[in-house]
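>>> Provided below for reference: sequence and predicted model.
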Amino acid sequence: MNIDQYINWLITIWLIIAALIVFRLQRSAHFSIRQINEYCWNRDVPGSLVLLATGLYILFASVGVTVANKLFPGSIAPKQTAMAISGAASVWIVLMAVRYLTNRGLEDIGLYRENPRARLIEAMRIILILYPFIALLATVSGLLAGLINEDFLKQNHPFLEEIRADKGSPVYLLAVLAMGVNVVLVTPFAEELLFRGLLQGSIVSKGARPMTAICITAAVFAAVHGMTIWTHWPALFAFAFILGTLYERNRSLLLCFFMHSLFNLISFAGSLISGV
């Protein structure tokens, strides 16, 4: 699965979710376009912003990658740059929407003034303990899947495969830098905002137990990421479950961002060192 296929997959998932919302509202006795609008822009619960966030990202990424393909065919660097810019733009718009279009502030999704240095140190301590466990779980699940089919042992992240195709070319370092910024900075913050800040918080605000919200969010997180290397699904679920638990306990999106960022940094660096 390359970047273009990845975006097509996201579009499919987004359309399915939107269709389910419309189907649910259609069963109401007073179904109308106004009701859809009220559901999607509930000023008390910003959970519907999940659709806005993913929709904006898909739109921006689709346009950016299409333009990159036209101007720089066959190169991964412009595509990764477009993905990073798309993610950053989507995050900014969603944050402004939370602040100005809902009755909740950024504090309600875990963004408040706190000591970044202290949170970073805390995240480093947790990751030093957590990463070996997650890596071991991913390895074990991959080996077990390999017993079923040896091809599962050959799975690699598609974006890294595309970077490997640029190795030796003048734009290789640019591709690595672009993907590094995307993987280590933009994506972790965007995903923590989406999964922990909006989705998990929305499920809890609708009356669900925190543990239920954590498990649902972790399952969605693992499903979205596991589509590239599905044998890592147990490890991804475990990682997301821990992030959700820490978020519920500390209400700090910054801590989750630092943990996610460090996790991706170690994984990305390890992939490059191992030969990608």
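That came through, no problem.
>>> Could I get the CA-only coordinates of stretch 205-217 as PDB?
Provided in PDB are the C-alpha atoms of stretch 205-217 (Å, rounded to 0.1, in the frame of the first residue of the first chain):
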ATOM      1  CA  SER A 205     -19.000  12.800  27.300                       C
ATOM      2  CA  LYS A 206     -21.900  10.700  25.900                       C
ATOM      3  CA  GLY A 207     -22.000   8.700  29.200                       C
ATOM      4  CA  ALA A 208     -19.700   5.800  28.400                       C
ATOM      5  CA  ARG A 209     -17.400   4.500  31.100                       C
ATOM      6  CA  PRO A 210     -13.800   5.700  30.700                       C
ATOM      7  CA  MET A 211     -12.500   2.200  30.200                       C
ATOM      8  CA  THR A 212     -15.000   1.600  27.400                       C
ATOM      9  CA  ALA A 213     -13.900   4.800  25.700                       C
ATOM     10  CA  ILE A 214     -10.300   3.900  26.000                       C
ATOM     11  CA  CYS A 215     -10.800   0.400  24.500                       C
ATOM     12  CA  ILE A 216     -12.900   1.700  21.600                       C
ATOM     13  CA  THR A 217     -10.400   4.500  20.800                       C
END
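>>> Name the residues of that stretch that are buried.
Neighbour counts using 16 or more other C-beta atoms under 10 Å place 205, 213, 214, 215, 217 of stretch 205-217 among the buried residues. Bear in mind the C-beta positions are built from the backbone N, C-alpha and C, glycine included.
>>> Now do that stretch: everything it contacts.
Residues outside stretch 205-217 that contact it (C-beta atoms under 8 Å, 6 or more residues apart in numbering) are 45, 47, 195-196, 199-201, 203-204, 240-241, 244-245, 248.
>>> Give me the buried subset of those residues.
With burial judged by 16+ other C-beta under 10 Å, the buried subset of those is 45, 47, 195-196, 199-201, 203-204, 240-241, 244, 248.
>>> Helices of the stretch 51-200 of the chain, start to end?
77-101, 116-148, 158-166, 172-181, 187-191 (DSSP state H, counting those that start in this stretch).
>>> Now do the shortest one, average pLDDT.
Translated: helix 187-191. For helix 187-191, mean pLDDT is 90.
>>> where among the helices of the stretch 51-200 of the chain is the average confidence lowest?
helix 158-166 (a mean of 62).
>>> Show me what counts as buried in stretch 262-276.
262, 263, 264, 265, 266, 267, 268, 271, 276.
>>> of the helices of the stretch 51-200 of the chain, which approaches residue 252 most closely?
Closest to residue 252 of the helices of the stretch 51-200 of the chain, according to C-beta to C-beta: helix 116-148, at 6.5 Å.
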